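1. predicted model, plus sequence, below.
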Amino acid sequence: MTLSQFADAALFPDSDQTVYTIRTESFEGPFDLLLHLIKKNEIDIYNIPIAAITRQYLEYLDVMQELNLDIAGDFLVMASTLIQIKSRMLLPLPPDEETGEEEVEDPRAELVARLLEYQKYKEAAMTLGQRDLLGRDVFARSFAAPELAESLPEEEPLEVEMFELIEAFQRVLAVVPAATFHEVGAEGPSIADRISEILLLLQGTEAAGFEEIFIGSATREAVIVTFLAILELCKLRMVKLTQAQSFGKIWIIPVMLAAGGDAITEVDIDRDFA
Amino acid sequence: MTGTSLKSVVESLLFVADPPLTLDKLCSILEEYERKDIVAAIDDILADYRQGSRGIFLAEVAGGWQFRSRPENADYLRRLSRTRPYRFSQSSMETLAIIAYRQPITRAEVEYLRGVDSGGVLKTLLDKKLIRILGKKDIPGRPLIYGTSREFLEAFNLKDLASLPTLKEVQELTGHDLLETQEELPLSAGDEQGRVE
């Protein structure tokens, strides 16, 4: 059975269904997204331009929504917090009734404090992860601590950060004009079709640029279908997404289903979709 | 009964024992020896394995000692075990770090710090025995409080919680100047350590 047949037959038993929900562990939450935006824009964390950051933040949520990503309520709470902070910055503050003095506290102060606090633990987590881990770096005689030895395939992280992937997708989507009229037409290619096409495209190559995969996807719908197809291929570990440096070009690398070691993938497919 | 023979006995015990052996455990096994002689024997063995080109070293973990393979040989050791090393997701590492540094801590406090629902991650960490439930906090709702386990210390090669790098050291490593203070979270009203059961 070839790969593409596999994709057609096994992966999408109900591929005419139009609602896809994708969950991913890679989203660490609103703080992570905000820190990502602050780092990317090289902003001083003590002087965040709330309007600009809020706009970018909401753009992310839009794209996530367009992809039917399951946006956690926490992301929406943060969106309203940002807007509230902005409105408090715009309004003149009423003088304090008791002292008669104007309140001078920066409305951003609490958010900044929480972001810094979060960043502290994020860094502590990284330092912790770099220690010599039992079962990974050092082994004891009864090293197979069973809880730690079993590796759950879905916890394998993408090598490209999810936010960056969304950003790349945003760029591709920006090129395609938004349809201003409602069109009733024949259905476009399904995700299963796109998976076969992408696999064909990757056959015999070592890597393809992320943006190049979208050449030929002329409508928003086609772009979204292509992107979902890439995500699905990642999930099935038929491709890997990598980049040479942060914010660099994203590459799609086909994973060879060589004989032997990778039989796991097929087992997984059987179990999940049979 | 010379020092050398005690050293060799201790070495044998450490080699065969499964979990890290604590000093108390060693003393109870070797009741005919003085505690200080046993400590000296361990120090001797530690020094022996630290020098030279041994493939194992005596690690001080979870309040005891355990022979472990050298980290630089990890690639070969993995072939022996034929399992892929467990990869922690960013969310589990974050949650684990927060619990390690701020225990005893409730789920609401973890979620306040992370800004995101953490129920699933906590369950995974409990399943992996890296954290444990310490009891219930004596505030309305009586939420569970969490802390790290002995397995956490073993897994992360830590002698005890005090040997975690301080948050200040972490900041110096990563070059960020952040606030070191651990203020009381706005959520944790009521008695600090109030735990029952």
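-> Now that the structure is in, tell me what you want to look at. What you see is a predicted model; the values in this text were computed from it and never measured.

2. my guess is A:Tyr60 contacts A:Leu165. True?
-> No - the criterion here is C-beta atoms under 8 Å, and A:Tyr60 misses it with A:Leu165 at 11.5 Å. (Each C-beta comes from the backbone N, C-alpha and C, glycine too.)

3. tell me how many other residues crowd B:Arg70.
-> Look at B:Arg70: counted by other C-beta atoms under 10 Å in any protein chain shown, it has 17 neighbours.

4. in the stretch 1-150 of chain A, what residue comes closest to chain B?
-> Nearest to chain B, among the residues of the stretch 1-150 of chain A, is A:Gly29, at 3.0 Å (C-beta to the nearest C-beta).

5. identify the residues contacting the closest residue to that residue other than its chain neighbours.
-> Once flanking residues are discounted, A:Gly29 sits nearest to B:Val116: 3.0 Å by C-beta to C-beta, 6 or more residues apart in numbering or on different chains. With contacts defined as C-beta atoms under 8 Å, 6 or more residues apart in numbering or on different chains, the neighbours of B:Val116 are A:28-31, A:72, A:74, B:91.

6. so of these, which ones are in helices?
-> Judged by DSSP state H, the contacts of B:Val116 include A:30-31, A:74, B:91 as members of helices.

7. same list (these) but as a markdown table, adding pLDDT.
-> Listed next are those as a markdown table, based on pLDDT from 0 to 100:
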| residue | pLDDT |
| --- | --- |
| A:Pro30 | 88 |
| A:Phe31 | 90 |
| A:Asp74 | 82 |
| B:Ser91 | 86 |
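
8. which residues in the chain form strands?
-> All of this is about chain A. Under the criterion DSSP state E, strands of chain A are mapped to A:208-209, A:239-243, A:250-254.

9. look at chain B instead
-> Counting by DSSP E, one finds strands in chain B at the ranges B:21-22, B:56-61, B:64-69, B:105-106, B:131-137, B:144-148, B:195-196.

10. how about TSV for these, with mean neighbour count, distance to chain A and mean pLDDT added?
-> Below are the strands of chain B laid out as TSV (neighbours: other C-beta atoms under 10 Å in any protein chain shown; distance: least, C-beta to the nearest C-beta, whole Å; pLDDT from 0 to 100):
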stretch	mean neighbour count	distance to chain A	mean pLDDT
strand B:21-22	16	12	92
strand B:56-61	20	7	91
strand B:64-69	22	4	92
strand B:105-106	22	11	94
strand B:131-137	18	12	91
strand B:144-148	21	11	94
strand B:195-196	12	23	41
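
11. in stretch A:126-137, what's buried?
-> Across stretch A:126-137, burial judged by 16 or more other C-beta atoms under 10 Å in any protein chain shown covers A:126-129, A:131, A:133-137.

12. quick one: terminal-to-terminal distance for that stretch?
-> Start-to-end span of stretch A:126-137 (C-alpha to C-alpha, to the nearest Å) is 16 Å.

13. is that stretch positioned near chain B?
-> Yes - counting by C-beta under 8 Å from any C-beta of the partner chain, chain B is contacted by stretch A:126-137 at A:126-129, A:131-137.

14. report pLDDT for A:Thr21.
-> With respect to pLDDT, A:Thr21 scores 46.

15. likewise for the one 4 residues further on?
-> For A:Glu25, the pLDDT comes out at 40.

16. tell me how far whatever residue of chain B ends up closest to chain A lies from A:Ile191.
-> Of all residues in chain B, B:Val116 sits closest to chain A, at 3.0 Å by C-beta to the nearest C-beta. Relative to A:Ile191, B:Val116 is positioned 28 Å away (C-beta to C-beta, to the nearest Å).

17. next: A:Leu82.
-> Taking C-beta to C-beta, one finds A:Leu82 at 33 Å from A:Ile191.

18. which parts of the longest helix belonging to chain A are buried?
-> Criterion DSSP H: the longest helix present in chain A is helix A:109-129. Neighbour counts over helix A:109-129 (16+ other C-beta under 10 Å) mark A:111, A:114-129 as buried.

19. give me the phi and psi for A:Asp44.
-> The phi and psi torsions at A:Asp44 (degrees, to the nearest 10) take the values phi -70, psi 120.

20. how many residues are close by it?
-> The local packing of A:Asp44 (other C-beta under 10 Å) involves 8 other residues.

21. circling back to that earlier point, how about the contacts of B:Val116 in JSON lines, adding neighbour count and distance to B:Leu161?
-> Output for the contacts of B:Val116, formatted as JSON lines (neighbours: other C-beta atoms under 10 Å in any protein chain shown; distance: C-beta to C-beta, whole Å):
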{"residue": "A:Glu28", "neighbour count": "22", "distance to B:Leu161": "25"}
{"residue": "A:Gly29", "neighbour count": "20", "distance to B:Leu161": "26"}
{"residue": "A:Pro30", "neighbour count": "26", "distance to B:Leu161": "30"}
{"residue": "A:Phe31", "neighbour count": "23", "distance to B:Leu161": "25"}
{"residue": "A:Ala72", "neighbour count": "17", "distance to B:Leu161": "31"}
{"residue": "A:Asp74", "neighbour count": "17", "distance to B:Leu161": "29"}
{"residue": "B:Ser91", "neighbour count": "23", "distance to B:Leu161": "22"}
